[in-house]
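Q: Quick one: sequence plus predicted model below, questions after.
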Amino acid sequence: MPLLYTIGKLTVAPTLRLAFRPTVEGLEHVPETGGAIFAGNHLSVADELFLGTVVPRHLAFWAKSEYFTGAGAKGAFSKFVLTGLGAIPVERAGGRAALSAFDAAIPALKGGDLVVVYPEGTRSPDGKLYRGRTGAARLAISAGVPIIPVGTIGTDKAQPIGARVPRPGTAKITVRFGKPLDFTGRPDDRTSLRQMTDEVMSEIQKLTGQEYVPRYAPPRAHSDSTGDA
């Protein structure tokens, strides 16, 4: 486990557990060893904090590549923190550059790490669950690992858009893990990837109870720290 991530598990995680007392369901579905993909809904930047708090293993999050290449002291600090946390840079421009995240995630997964993906590609603007992008399914097929659906509830109230940190006493946080989805042997053509992604989103919806919207979430003016999938 990366050093900064370990420090966070010893400091930030206990603080969040004490302040919010999050409810965790289905933790038995998280493997003790071996690679897997966590695919979850995305309500708030706090999703990552609480997911990292309740999962005992290291989680590799995808982060915008700009956070690794910023100039000046702020840019250097951002790169230091994200690298120290074991984050995977995502290039939003698309094309070959965007595939670099997959290139980095596949060996991590095959090496036994856990990678977190938010298939909606951005935070939900209204609390609903939007159509998922097919990157998580493609990554699962390429790395030969299962996808574990994750449903997080209450983070949008604990840390709504514009809030700098989660606010205790504002919401009950619940994190639910579903049974792993094994897509081994499934083809990776466009139609199959779409079907697998819809299966993942259906399982996430069962965990959260969110209203499902069969279209992609509208892009935000200021993109998230996490990358599309």
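A: That came through fine.

Q: Which of the three states applies to Glu48?
A: Under DSSP: H, G, I helix; E, B strand; the rest coil, Glu48 falls in the helix class.

Q: count of residues packed around the residue nearest to it when sequence neighbours are not counted?
A: Nearest in space to Glu48, with sequence neighbours left out and distances taken as CB to CB, 6 or more residues apart in numbering, is Phe61 at 5.6 Å. C-beta here means a position set from N, CA and C on the backbone, and glycine is covered the same way. Using other CB atoms under 10 Å, Phe61 has 23 neighbouring residues.

Q: from here on, count from 25
A: All set: I'll call the first residue 25, so the last point we hit is now Phe85.

Q: pretty sure Phe85 contacts Pro113?
A: No. If you go by CB atoms under 8 Å, Phe85 and Pro113 don't touch, sitting 10.6 Å apart.

Q: residue boundaries of the helices in this structure?
A: Under the criterion DSSP state H, the chain contains helices at 27-44, 70-78, 90-93, 96-109, 119-122, 124-134, 159-167, 179-182, 214-232.

Q: and Pro238, which of these is closest to it?
A: helix 214-232 (9.0 Å; CB to CB).

Q: Could you list every helix and strand that that closest one packs against?
A: strand 60-64, strand 153-154, helix 159-167, strand 171-177, strand 198-201 (3 or more CB pairs under 8 Å, 6 or more residues apart in numbering; DSSP states H and E).

Q: Could you take the ones you listed and lay them out as JSON lines, with extra columns for mean neighbour count, distance to Leu133 and mean pLDDT?
A: Converted to JSON lines, the helices and strands packed on helix 214-232 look like this (neighbours: other CB atoms under 10 Å; distance: least, CB to CB, whole Å; pLDDT from 0 to 100):
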{"stretch": "strand 60-64", "mean neighbour count": "25", "distance to Leu133": "7", "mean pLDDT": "97"}
{"stretch": "strand 153-154", "mean neighbour count": "24", "distance to Leu133": "25", "mean pLDDT": "98"}
{"stretch": "helix 159-167", "mean neighbour count": "23", "distance to Leu133": "4", "mean pLDDT": "94"}
{"stretch": "strand 171-177", "mean neighbour count": "25", "distance to Leu133": "11", "mean pLDDT": "98"}
{"stretch": "strand 198-201", "mean neighbour count": "21", "distance to Leu133": "17", "mean pLDDT": "98"}
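
Q: got TSV for the ones you listed, with distance to Val141 too?
A: Formatted as TSV, the helices and strands packed on helix 214-232 follow (distance: least, CB to CB, whole Å):
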stretch	distance to Val141
strand 60-64	5
strand 153-154	14
helix 159-167	4
strand 171-177	8
strand 198-201	14
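
Q: That concludes my questions; thank you for your assistance.
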